[in-house]
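Peer 1: kindly return the folded structure for what I paste below:
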Amino acid sequence: MGCGLPYAIAAGIAFPGRQIVAVVGDGGISMTLAELSTAARYKIPMKVVVINNGTLGQIKWEQMLFLGHPEFGCDLAPIDFAKVAEGMGVRGLRVDDPEDLARVLKEAFAYDDGPVLIDAVVDPAEPMLPPKRREQYMKHLQQAFDGGMAGQADIARRMEEEPALTALKP
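Peer 2: Residues are numbered from 1 along each chain as shown. Below you'll find the predicted structure:
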C-alpha cells in the first residue's frame with residue numbers, strides 16, 4: 001500500500017520520454033505524499049490519478065466480505081489532493097462530477113511541463129468487489145450488515161445497482 005507514487009517516479013526516471021500514469025487510492029498516496037515534491041523537482045511528466053473516496057476502500061471491503069465484520073476504522077480525513085499537489089509544485093486538477101472527467105483527463109494529458117495529479121472524488125459506498133461472486137462473501141456481507149455500521153443503507157443500495165448487481169449474480 002502506498003507504492004504507486006514512488007513507482008511512477010522511478011518509472012519516469014528509468015524511462016524518460018515515456019508516458020507514466022499511476023492510479024492510486026487516497027489512503028495509499030497519503031502514505032507517500034511528500035514524494036510529490038520529488039516528482040515536481042525533477043519535472044517528471046507523469047499523471048497521477050487519485051481515487052478519492054475518503055476511506056481505505058480495500059480494507060473496508062475486506063473487513064465486510066472476507067471477514068464478515070462491520071467496517072471499522074477506515075474513514076480518512078477529507079483531503080483536497082489537487083490543492084496539496086499545487087502546494088508542492090505539481091499541477092493539480094480535481095473532478096467530482098463524472099461528466100467532467102473526460103475534460104479533466106484531456107487537460108491533464110495536454111500538460112507536458114512536469115507532473116499532474118488528478119483528484120477524482122468518488123462515492124465511498126461504491127462496492128469494491130471481486131471478479132466473481134462467492135457465496136461466502138455474501139454471507140460475510142450480511143453478517144457485517146447484521147452488526148450494524150455507518151453508511152450501511154448506501155452500501156446496500158449500491159449493491160442493487162450495476163456493476164455490483166451483475167458481478168454478484170449467483
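Peer 1: ok, and what's touching stretch 60-73?
Peer 2: If you take Cβ atoms under 8 Å, 6 or more residues apart in numbering as the criterion, stretch 60-73 is touched by 55, 74, 127-130, 137, 139-141, 143-145, 147-151. Where you see a C-beta, it was placed from the backbone N, CA and C, and this is true even at glycine.
Peer 1: who does the closest residue in space to Ala82 that isn't next to it in sequence bridge with?
Peer 2: In space, and not counting its chain neighbours, Ala82 is closest to Gly92: 3.4 Å by Cβ to Cβ, 6 or more residues apart in numbering. Residues in a beta bridge with Gly92, per DSSP bridges, are Leu117.
Peer 1: neighbours around Gly92, how many?
Peer 2: By other Cβ atoms under 10 Å, the residues close to Gly92 number 23.
Peer 1: residues of the worst-scoring helix or strand of the chain on mean pLDDT that come out buried?
Peer 2: Within the chain, no helix or strand scores below helix 164-167, which has a mean of 74 by mean pLDDT, DSSP states H and E. By 16 or more other Cβ atoms under 10 Å, the buried positions in helix 164-167 come out as Ala164.
Peer 1: can you select the buried ones from the contacts of stretch 60-73 in PyMOL?
Peer 2: The buried residues among the contacts of stretch 60-73 can be selected in PyMOL (16+ other Cβ under 10 Å) with this line:
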select buried, resi 55+74+127+128+137+140+141+144+145+149
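Peer 1: in helices only, show me the contacts of stretch 60-73.
Peer 2: Among the contacts of stretch 60-73, the ones falling in helices (DSSP state H) are Tyr137, Lys139, His140, Leu141, Gln143, Ala144, Phe145.
Peer 1: for the fifth one, give me its contacts.
Peer 2: What it means is Gln143. Neighbours of Gln143 in contact, by Cβ under 8 Å, 6+ apart: Gly68, His69.
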